[in-house]
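Peer 1: turn this into a model:
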Amino acid sequence: MKERLVIHLKNGDTVEGRLSGTLGSSSVDIEIFAEVENRVLLFALDEICAISFVGTPDWLVADEPTVPEEVQITTGETYKVKVCTKRKFLKGFIALLLDETLPYKTIFFTFSGVRSRSETRCIGEILQEEGLVDDESVHEVLKKQEALRQRLIGDAIAETANLSQDAIESTIQDATEKSGTPRDARVGDILVDAGLVTREQVEKAFESQEKGKKIKVGELLVKQGLVIEEQLLSALATKFRLRFINLETVLPCEEALGALSEGLVNRLQVFPVDFDGRRLVVATSAPTDPTVGDSLRFSTNQRIELVVATARLISEAIEKYYYRDKSEIESLLKAMKEEAQSVTVEEVGPTQRIMPCGS
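Peer 2: A predicted model of the protein is given here:
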């Protein structure tokens, strides 16, 4: 008897059954025998997010090399898996499930049903393996990241307002000794009341503190000059299983440009590269933000393939291709104006006088 499985459809429904046909490398659909309905059902793989197998299919190569990943499908479920890297499929990829509490052992993901996927390796490890940074540099950046995440508001104020810690601590100590100071008084309020800083400086310090808590290792590596933006984005593309492209060498097709509006590409800071009628390829410099793909899918109702490019080249591409019509119109209007002025001068002639309007 064929393998037992569960099909996870994009509309959120699930269908249980047994594999009736085959799931081969070039398959575009899957045939199952649904025992509840006692009949054979055929599903296009483009209707499906994932197919969970209770066991390990016989056709899966034994001891196949795998890569640990976290995969989220478009219906919201997230799976920790080991992706099998040897067997290739036209419409998706196969993986071994790591969650032993699930009744399934193997899962097939369709490319169109995946919201996001990422290797479990951190970005520092990927950059190290590519020989771009050493272990000591990554360790120092991790310490810096932790220090920023633990930074107190007083430290942020001292840095923003160029104050010494002694001055801040002394002001706080004096305030706490006064009977009129509330016990839950905030550091910023105490320093503002004492005239040591302004409210604007406190707000700026708070923003700096919050930004420091969210900063990523990759950003710190770039800030410290250990890697450049292209190297970081290439590593992020590797982590999130995306292609990294150089937009300077890409000629976008008209169908792709027409698929996204000027307002959308500016709001998301993305650039459309290719469109074959079924899949829209779009460049982004924010591969860590899953809402970019969500917004594009919602706005276009198309299957989206994100690729990674630098923010500078995306901005230049938007300027070049989305504002070209405006620049062409402006050039035409300028030429028409110059031609009209030239004609007027010739018609008037040197011995004639131009009468003012209304004369």
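
Peer 1: nearest residue to residue 221 in space, please, no chain neighbours.
Peer 2: Spatial nearest neighbour of residue 221, chain neighbours left out: residue 227 (4.9 Å); criterion: Cβ to Cβ, 6 or more residues apart in numbering. Heads up, the C-betas are built off the backbone N, CA and C, glycines and all.

Peer 1: isn't the one you found right up against residue 130?
Peer 2: No: the criterion here is Cβ atoms under 8 Å, and residue 227 misses it with residue 130 at 9.6 Å.

Peer 1: and the two? Which one has more around it.
Peer 2: residue 227 (20 against 13; other Cβ atoms under 10 Å).

Peer 1: isn't there a helix covering the more buried one?
Peer 2: No: assignment of residue 227 by DSSP: H, G, I helix; E, B strand; the rest coil gives coil, placing it outside any helix.

Peer 1: how about the contacts made by it?
Peer 2: The contact partners of residue 227, taken as Cβ atoms under 8 Å, 6 or more residues apart in numbering, are 127, 132-133, 218, 221, 235.

Peer 1: and what of residue 174?
Peer 2: Counting by Cβ under 8 Å, 6+ apart, residue 174 has contacts residue 194.

Peer 1: just the pLDDT at it, thanks.
Peer 2: At residue 174, the pLDDT value in this model is 82.

Peer 1: excluding chain neighbours, what is closest to residue 107?
Peer 2: With sequence-adjacent residues excluded and distances taken as Cβ to Cβ, 6+ apart, residue 107 is closest to residue 52, at 5.0 Å.

Peer 1: the one you found belongs to a strand, doesn't it?
Peer 2: Yes: according to three-state DSSP, the state of residue 52 is that of a strand.

Peer 1: how much space between it and residue 45?
Peer 2: Residue 52 is 14 Å from residue 45, where distance means Cβ to Cβ, to the nearest Å.

Peer 1: could you export the host helix or strand of residue 212 as CSV, CA atoms only?
Peer 2: Using DSSP states H and E, residue 212 sits within helix 199-214. Taking Å, rounded to 0.1, in the frame of the first residue of the first chain, the C-alpha atoms of helix 199-214 are listed here in CSV:
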residue,chain,number,x,y,z
ARG,A,199,12.9,66.7,26.7
GLU,A,200,14.1,66.4,23.1
GLN,A,201,17.4,64.9,24.3
VAL,A,202,15.7,62.3,26.4
GLU,A,203,13.4,61.3,23.5
LYS,A,204,16.4,61.0,21.2
ALA,A,205,18.2,58.9,23.8
PHE,A,206,15.2,56.6,24.2
GLU,A,207,15.0,56.1,20.4
SER,A,208,18.8,55.3,20.4
GLN,A,209,18.3,52.8,23.2
GLU,A,210,15.4,51.1,21.4
LYS,A,211,17.3,51.0,18.1
GLY,A,212,20.3,49.4,19.9
LYS,A,213,18.1,46.6,21.2
LYS,A,214,17.0,45.7,17.7
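
Peer 1: which helices and strands does that helix pack with?
Peer 2: helix 135-150, helix 153-161, helix 187-193 (3 or more Cβ pairs under 8 Å, 6 or more residues apart in numbering; DSSP states H and E).

Peer 1: who are the packing partners of the first one?
Peer 2: What that stands for is helix 135-150. helix 123-129, helix 199-214, helix 217-223.

Peer 1: re the thing from before, can you select the buried ones among the contacts of residue 227 for me in ChimeraX?
Peer 2: Burial among the contacts of residue 227 is assessed by 16 or more other Cβ atoms under 10 Å; the matching ChimeraX selection reads:
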select :127,132,133,218,221,235
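
Peer 1: pLDDT for the contacts of residue 227 - can I get that in CSV?
Peer 2: Formatted as CSV, those follow (pLDDT from 0 to 100):
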residue, pLDDT
127, 95
132, 94
133, 94
218, 92
221, 93
235, 95
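
Peer 1: ok, so of the contacts of residue 227, who is nearest residue 23?
Peer 2: residue 235 (32.9 Å; Cβ to Cβ).

Peer 1: now do the contacts for the nearest residue to residue 208 once chain neighbours are set aside.
Peer 2: Spatial nearest neighbour of residue 208, chain neighbours left out: residue 156 (5.1 Å); criterion: Cβ to Cβ, 6+ apart. Counting by Cβ under 8 Å, 6+ apart, residue 156 touches 205-206, 208-209, 212.

Peer 1: ok, residue 156 to residue 144 distance?
Peer 2: Using Cβ to Cβ, which is the criterion applied here, residue 156 is 15 Å from residue 144.

Peer 1: so where's the stretch 1-150 of the chain uncertain?
Peer 2: Applying pLDDT under 70 to the stretch 1-150 of the chain picks out residues 1, 58-63.

Peer 1: which residue ranges of it form strands?
Peer 2: Under the criterion DSSP state E, counting those that start in this stretch, strands of the stretch 1-150 of the chain are mapped to 4-9, 14-19, 29-34, 39-44, 48-53, 66-73, 78-84, 92-97, 106-110, 114-119.

Peer 1: ok, the shortest one: who's next to it in the sheet?
Peer 2: The partner list of strand 106-110 in its sheet, established with DSSP bridges, is strand 48-53 (antiparallel), strand 92-97 (antiparallel).

Peer 1: how about the spatially closest residue to residue 255 that is not a sequence neighbour, what does it touch?
Peer 2: Distances taken as Cβ to Cβ, 6+ apart place residue 275 nearest to residue 255, at 4.3 Å, with adjacent residues excluded. Applying Cβ under 8 Å, 6+ apart, we find residue 275 in contact with 253, 255-256, 259, 281, 302.
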